[in-house]
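Student: I would like to see how this sequence folds:
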Amino acid sequence: MDTATQTLTFLILVLTFAVVAVSGAVIRDRQRRARRRGVAEANILPARVIDAYEQIPFIIGQAVEADRPVLFSTGRGALGDSSTLITLAGTAITYYITQRATVGDTPPLFLTSQTSTIPLGYDILRRAYLSRGLRPNLSVANVRWFPSGLTGERSLVFAAMLTATISSDNPAGSVFVGRFDEELALA
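Tutor: Below is the predicted model of the structure:
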């Protein structure tokens, strides 16, 4: 490495360390002030309110009361390509939502169009049940795979199967987190 690159790398590292140190001090200060006021620690770092996330407990409640499933889908999101991060983030969200839905008698449904996410779907459902101390009430039909197309990346096959699943299983709500194209508009 030449001297300019080494200097720039050193400056970036020092700046990163300074930002982390200052952020840590700000967070500790907010925690200390919140404890003195008796505020719950979850409210120390306020996040932007997203209306869709606020509706999730109501969707889960309706599903449990009506004994209907909740539908989750990652669409064309896969592991090992450009959509890996959004797929993993979507499955993390799906896990926490599924964990709430496991109190009902009807297990959630997980739909995907990529074979690499089939094991993720089973694992999400299994872990959600086990986290509540319940025996997984799952069958092979709870995780479904429909191809997104053989000739190209985009196809209406997944959109048609998604629509058919919504029609036949009558879910109380649907959560779509992942990579979608026209199939989301048609579902």
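
Student: next, Leu71: secondary structure please.
Tutor: Under DSSP: H, G, I helix; E, B strand; the rest coil, the three-state class of Leu71 is strand.

Student: what does the one 10 residues further on give?
Tutor: Three states are possible here, and by three-state DSSP the one that applies to Asp81 is coil.

Student: got phi/psi on it?
Tutor: The phi/psi pair for Asp81 (degrees, to the nearest 10) reads phi -130, psi -160.

Student: which stretches in this structure count as strands?
Tutor: 70-75, 109-112, 143-145, 173-179 (DSSP state E).

Student: gap between the first one and the chain center?
Tutor: I take that to be strand 70-75. 10 Å (Cα atoms, centre = their mean, to the nearest Å).

Student: return the most buried member of the strands of the chain.
Tutor: Per-stretch averages of neighbours, counted by mean count of other Cβ atoms under 10 Å, single out strand 70-75 among the strands of the chain, with a mean of 27. All C-beta spots, glycine's among them, are computed from the backbone N, C-alpha and C.

Student: that one vs strand 173-179, what angle?
Tutor: 20 degrees (axes from the mean of the first three to the mean of the last three Cα atoms, to 10 degrees).

Student: using PDB, list the CA coordinates for strand 70-75.
Tutor: Extracted C-alpha coordinates of strand 70-75, given in PDB (Å, rounded to 0.1, in the frame of the first residue of the first chain):
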ATOM      1  CA  VAL A  70     -51.600 -16.200   8.200                       C
ATOM      2  CA  LEU A  71     -49.800 -16.300   4.900                       C
ATOM      3  CA  PHE A  72     -46.100 -15.400   4.600                       C
ATOM      4  CA  SER A  73     -44.100 -15.200   1.400                       C
ATOM      5  CA  THR A  74     -40.600 -14.200   0.400                       C
ATOM      6  CA  GLY A  75     -41.500 -14.200  -3.300                       C
END
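
Student: out of everything not next to it in sequence, what's closest to Thr106?
Tutor: Computed as Cβ to Cβ, 6 or more residues apart in numbering, the closest residue to Thr106 that is not its neighbour in sequence is Pro69, at 4.9 Å.

Student: of all the strands of the chain, which one is nearest Arg126?
Tutor: strand 143-145 (10.1 Å; Cβ to Cβ).

Student: how far does the closest one sit from its chain's centre?
Tutor: Relative to its chain's centre, strand 143-145 lies at 17 Å (Cα atoms, centre = their mean).

Student: same thing with stretch 106-119?
Tutor: 13 Å.

Student: pLDDT averaged over that stretch - what is it?
Tutor: Mean per-residue pLDDT for stretch 106-119: 85.

Student: what comes up buried for it?
Tutor: Of the residues in stretch 106-119, 106-114, 117 count as buried by neighbour count, 16 or more other Cβ atoms under 10 Å.

Student: out of those residues, which is nearest to Leu79?
Tutor: Closest to Leu79, out of all of those and judged by Cβ to Cβ, is Thr117, at 6.5 Å.
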